[in-house]
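A.B. asks: what's the 3D shape of this:
(3 chains)
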Amino acid sequence: MGNPMKIRASAKDGVTEIKILMSHEMETGQRKDANGTVIPAWFINEITAKLDGKTVMQAQWGPSISKNPYLAFKVKGGKAGDKVSVTWVDNRGDTRTDEAAVT
Amino acid sequence: MVDRVSVGVAAFLAVSAVAATAAYAQKDAAQEGIEAYREALQDGNPAELYEATGEELWKTPAGPKKASLEQCDLGLGPGVVKGAYARLPRHFQDTDRVQDLESRLLTCMETLQGKDPKPYVESAFTAPPKEEMIALAAYVSGQSKGDAIAVAPKHPKEQAMYDLGKRMFYYQSGPYDFSCATCHGQEGTRIRLQDLPYIPGTKGAAAGWGSWPAYRVSAGQMWSMQWRLNDCFRQQRFPEPVYTSDATIALSMYMAANASGETMKTPGIKR
Amino acid sequence: MKNAMTHLAAIAALLLAGPALAQGKAAPSWGPGADDAAFTRMLAASFKDKGIAKVDRLTQDETQAFCSDPEAAASPAAAEKRQRIEAANMATVKWPSDGKWLGDWKEGEKIAQSGRGNTWTDKPGEPNGGNCYNCHQISPAEISYGTIGPSLLQYGALRGGDEETMKAAWAKIYNAKSLNACSNMPRAGHMGILAEAQIKHLMALLFDPASPVNAKTGPAK
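C.D. replies: Alright, predicted model coming up:
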């Protein structure tokens, strides 16, 4: 399930800027704990953003993305009140979707 | 430090545009790169995630008394969170102690929620009880973002705490003869590439005091002021300060009072 | 806590022997709220043992007590005491047992780079680093250096390598307070941070003509 994302989206002059802050450990699988045991890889490997139901951004991620990732991008179109929906899936099959309205 | 960063980035932009003052032109490329990186971090501070968690903890009934912390008095009256962090540490009548945010939170958890503060004091900073404290500190400090720091010791116990903090700041000990002042007692110095705030001065004190709690990008961790001080003492080669002990509150009082009048920029973000 | 209490007496004793009180006149640079009794009580209640860092580390020696009020320590009235402290620290310096000043500068560079040692997260028994780059510019290739101490670029090239110069550098590393009572620099030899062989390696980093510190090309751009 994971913790909630923070999503902000604002439209200006026909362009919507979407900023997403995700709560995730993003373990690389290369680190060891104090006992020398490898900490298993655990990271978001797929992320999708929709604007009013239409997919506007899709990405495949790997373990090189930092913990608590921050993603910002701009898309053409969109207006105040439109719904932004963001979904991530991690390599354990866990997933989370959060929504926000464009301001 | 925040002020220094913004000045540095301004200089960086000036260089790329047309001209720069001689002083800034002397800054090397590495320093400029670091400052540009720090500026970029300001957008999308993961501390927001901790603020959200802290707000939920604040509002959710918990402990033997099944109460939330919403009636906690952080100094501005029960339930007033907005602006409270900018006025801490301060003396509280009910405990007759000078308290920083984290020690005051412990008081509220004990009195309102009926919780035993012991596990919160004794656990490691990375363990769940401290994670709660840090999230709460992130939330409360965020409610003072942009406020002027207003800490002027008036009560005799506040004045004594300030005196103790000043003496603690200069107290040298341990195998390396370090005090806080070894690193933070001169202006314009750094450790490796890390700029060091000059704590006896207003700007430096604000750069330190006014930017914690902060999210540390390199570690992927949210640190409260208590954790920040704890790690300072570790590097000072001192024994470990007890969580919310008077030595840590005294230093907090010294920093906060020195920083008074400057802007609270919490929660901050660090490399 | 019990441990802290046993050291309470020792701290109090040292505080009483401290500079501000010994002089009798000059008020300390902090206010009356931090008198010796209140301050000692706060120290004892505020710290606990962790790993190798025990509360006995809060007990000051004479140098530390003197330098913990920098205003008083720097005052003209304290000039005599400063000299006495410097002399006492100079007397602790152990010179190289075989009369040789220099070791291997490459080892010295590694020691200068390392900041390990003596914190409560360090394990006992592992060699300590010198922490040198935290405060000094040393080899020109290392751009991540601190500025609390002076740049050591061209150290040997500028000073030569006569006996007097070597002796001063050795004393500075072994016990920095021998030349400046309240130097910010730790007393690497006196406090047992670095062993004799490690100090020799650092000396080589400063003085060996082959060391990058003394390279003719100047700082890398």
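A.B. asks: okay, CA-based contacts and neighbour counts for the rest of this
C.D. replies: Fine.
A.B. asks: burial measure for residue A:87, as a count.
C.D. replies: For residue A:87, the neighbour count with other CA atoms under 10 Å in any protein chain shown is 16.
A.B. asks: ugh, typo on my part, it should be residue B:146
C.D. replies: The number of residues packed near residue B:146 is 15, by other CA under 10 Å.
A.B. asks: OK, contacts around the nearest residue to it once chain neighbours are set aside?
C.D. replies: Among residues not flanking residue B:146 along the chain, residue B:264 sits closest, at 5.3 Å (CA to CA, 6 or more residues apart in numbering or on different chains). By CA atoms under 8 Å, 6 or more residues apart in numbering or on different chains, the residues touching residue B:264 are B:86, B:144-149, B:206, B:210-211.
A.B. asks: among those, name the buried ones.
C.D. replies: Neighbour counting by 16 or more other CA atoms under 10 Å in any protein chain shown classes B:86, B:144-145, B:147-149, B:206, B:210-211 among the contacts of residue B:264 as buried.
A.B. asks: any idea how far the residue nearest to residue B:146 is from chain C?
C.D. replies: 26 Å (CA to the nearest CA, to the nearest Å).
A.B. asks: need the per-residue pLDDT for that residue.
C.D. replies: Looking at residue B:264, its pLDDT is 97.
A.B. asks: and the residue located most distally from the centre of chain A, how far from residue B:246?
C.D. replies: Largest separation from the mean C-alpha position in chain A: residue A:35, at 31.8 Å (CA atoms, centre = their mean). Look at residue A:35 and residue B:246: by CA to CA, to the nearest Å, they are 35 Å apart.
A.B. asks: and what of residue B:143?
C.D. replies: Using CA to CA, residue B:143 is found at 25 Å from residue B:246.
A.B. asks: how about the contacts made by residue B:193?
C.D. replies: Counted by CA under 8 Å, 6+ apart, residue B:193 has contacts B:31, C:144-146.
A.B. asks: that one and chain A, how far apart?
C.D. replies: 22 Å.
A.B. asks: could I get the phi/psi values of that residue?
C.D. replies: Dihedral angles of residue B:193 (phi, psi; degrees, to the nearest 10) stand at phi -100, psi 10.
A.B. asks: quick one: contacts for the closest residue to chain C within chain A?
C.D. replies: Nearest residue of chain A to chain C (CA to the nearest CA) works out as residue A:34 at 11.6 Å. If you count contacts by CA under 8 Å, 6+ apart, residue A:34 has none.
A.B. asks: is it in a helix, a strand, or coil?
C.D. replies: coil (DSSP: H, G, I helix; E, B strand; the rest coil).
A.B. asks: can you give me the strands for the chain?
C.D. replies: Just going to use chain A. Using DSSP state E, the strands of chain A run over residues A:6-12, A:15-21, A:44-51, A:54-60, A:70-76, A:83-90, A:95-101.
A.B. asks: please refer instead to chain C.
C.D. replies: Remark: strands assigned in chain C by DSSP E are C:47-48.
A.B. asks: check chain B too.
C.D. replies: For chain B, the strands defined by DSSP E occupy B:90-92, B:97-99, B:190-191, B:194-195, B:214-216, B:221-223, B:240-241, B:268-270.
A.B. asks: got the ones you listed as a markdown table, with distance to residue A:74 columns?
C.D. replies: Listed next are the strands of chain B as a markdown table, based on distance: least, CA to CA, whole Å:
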| stretch | distance to residue A:74 |
| --- | --- |
| strand B:90-92 | 45 |
| strand B:97-99 | 45 |
| strand B:190-191 | 38 |
| strand B:194-195 | 34 |
| strand B:214-216 | 26 |
| strand B:221-223 | 28 |
| strand B:240-241 | 47 |
| strand B:268-270 | 24 |
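A.B. asks: tell me, how many residues neighbour the residue lying closest to residue B:55 once chain neighbours are set aside?
C.D. replies: Distances taken as CA to CA, 6+ apart place residue B:139 nearest to residue B:55, at 5.7 Å, with adjacent residues excluded. Neighbourhood size, residue B:139 [other CA under 10 Å]: 28.
A.B. asks: spatially central residue for chain C, please.
C.D. replies: What sits nearest the mean C-alpha location of chain C, by CA atoms, centre = their mean, is residue C:186, with 1.1 Å.
A.B. asks: list the contacts for it?
C.D. replies: B:175-178, C:175-176.
A.B. asks: distance of it from residue C:194?
C.D. replies: Taken as CA to CA, the span from residue C:186 to residue C:194 is 11 Å.
A.B. asks: ok, now residue C:119?
C.D. replies: The value you get for residue C:119 to residue C:194, if CA to CA is used, is 15 Å.
A.B. asks: how's chain B carved up into domains?
C.D. replies: B:2-41, B:49-271 (automatic domain parsing).
A.B. asks: quote the end-to-end distance of the longest one.
C.D. replies: So the one you mean is domain B:49-271. Terminal residues of domain B:49-271 are spaced 17 Å apart (CA to CA).
A.B. asks: centre of the chain to that domain, how far?
C.D. replies: Remark: domain B:49-271 is offset 5 Å from the chain centroid, using CA atoms, centre = their mean, to the nearest Å.
A.B. asks: so, low pLDDT: which residues of chain B?
C.D. replies: In the predicted model of chain B, residues B:1-28, B:30 satisfy pLDDT under 70.
A.B. asks: what residue is smack in the middle of it?
C.D. replies: residue B:212 (2.9 Å).
A.B. asks: tell me the contacts of that one?
C.D. replies: Contact analysis of residue B:212 by CA under 8 Å, 6+ apart lists B:223-225, B:228, B:266-268.
A.B. asks: pull out the buried residues from those.
C.D. replies: Applying 16+ other CA under 10 Å to the contacts of residue B:212 flags B:223-225, B:266-268 as buried.
A.B. asks: flag every residue of the stretch 151-271 of chain B that's near chain A.
C.D. replies: residue B:220 (CA under 8 Å from any CA of the partner chain).
A.B. asks: thank you kindly, that will do.
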